[in-house]
Structure formats: C-alpha cells, structure tokens
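**Student:** Only the shape, not the letters, is given here:
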C-alpha cells in the first residue's frame, strides 16, 4: 500500500518547486508558516516537530515515519495530536 504512494520521478522538484514556507506537491498544498516571534529562540528539532503538526493540520495526507528518535526530533508532537498519521 505505501509502496504505491512513493513517487520515483526524480525531477518532481522541478515540476512542483517549494514557494516560501508553503509547499506544493502534485497539487497538494501544505501550509507550514511559522508563528514564532522575532526574538523567540526555538531549537531546530522542536521547530521540525511543530512544522509536522502544522503541515498535518493543513492536509490530512501528511504522515511522519520515525524510528526511536521521536523524542529527539519532536515528531512525538504529531504522534500525540494525530496518532494515525504517525508510523
């Protein structure tokens, strides 16, 4: 099932380039605009976890695949909010 969803076209980035913080893939728009204050310090890994949650909020086709690093990458934030979108 998952294998059928994997695209093998290596030039896909040329067809659907990212624009700003909004990504467009094959007609799928995912919004991940950050809402941090200018002086707010956020670790890269926490920003990644927050971006996963924001991406999933804007599109139910977003999933995360993680091994035993979910507490390091903060992908656990997605798992807590959307358990069915986390593998």
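**Tutor:** Perfect, thanks for sending it. In this text, all values refer to a predicted model and were calculated from it rather than measured experimentally.

**Student:** Report the helix or strand with the lowest average pLDDT across this protein.
**Tutor:** helix 12-15 (a mean of 47; mean pLDDT, DSSP states H and E).

**Student:** Output the below-cut-off pLDDT ranges for the chain.
**Tutor:** Where the chain drops to pLDDT under 70, the residues are 1-28.

**Student:** again, only this time at 50
**Tutor:** Residue ranges of the chain with pLDDT under 50: 12-18.

**Student:** what's the spacing between residue 35 and residue 71?
**Tutor:** From residue 35 across to residue 71, the span is 23 Å (Cβ to Cβ, to the nearest Å). Just so you know, the C-beta spots here come from the backbone N, C-alpha and C atoms, and that holds for glycine as well.

**Student:** Check residue 64 too.
**Tutor:** Here the criterion is Cβ to Cβ. By it, residue 64 lies 13 Å from residue 71.

**Student:** Please say which of those two ends up with more neighbours.
**Tutor:** Neighbour tally, residue 64 and residue 71, criterion other Cβ atoms under 10 Å: the higher count belongs to residue 64, 21 against 11.

**Student:** partner residues bridging that one?
**Tutor:** Beta-bridge partners for residue 64, by DSSP bridges, are residue 86.

**Student:** From the structure, what's the count of residues near residue 38?
**Tutor:** Residue 38: 4 surrounding residues under other Cβ under 10 Å.

**Student:** again with residue 81
**Tutor:** For residue 81, using other Cβ under 10 Å, the count is 13.

**Student:** Over to residue 45?
**Tutor:** For residue 45, using other Cβ under 10 Å, the count is 14.

**Student:** How about residue 62?
**Tutor:** 18.

**Student:** ok, now residue 31?
**Tutor:** If you count neighbours by other Cβ under 10 Å, residue 31 ends up with 12.

**Student:** Need the phi and psi values for it.
**Tutor:** Here is the backbone geometry of residue 31 (degrees, to the nearest 10): phi -100, psi 130.
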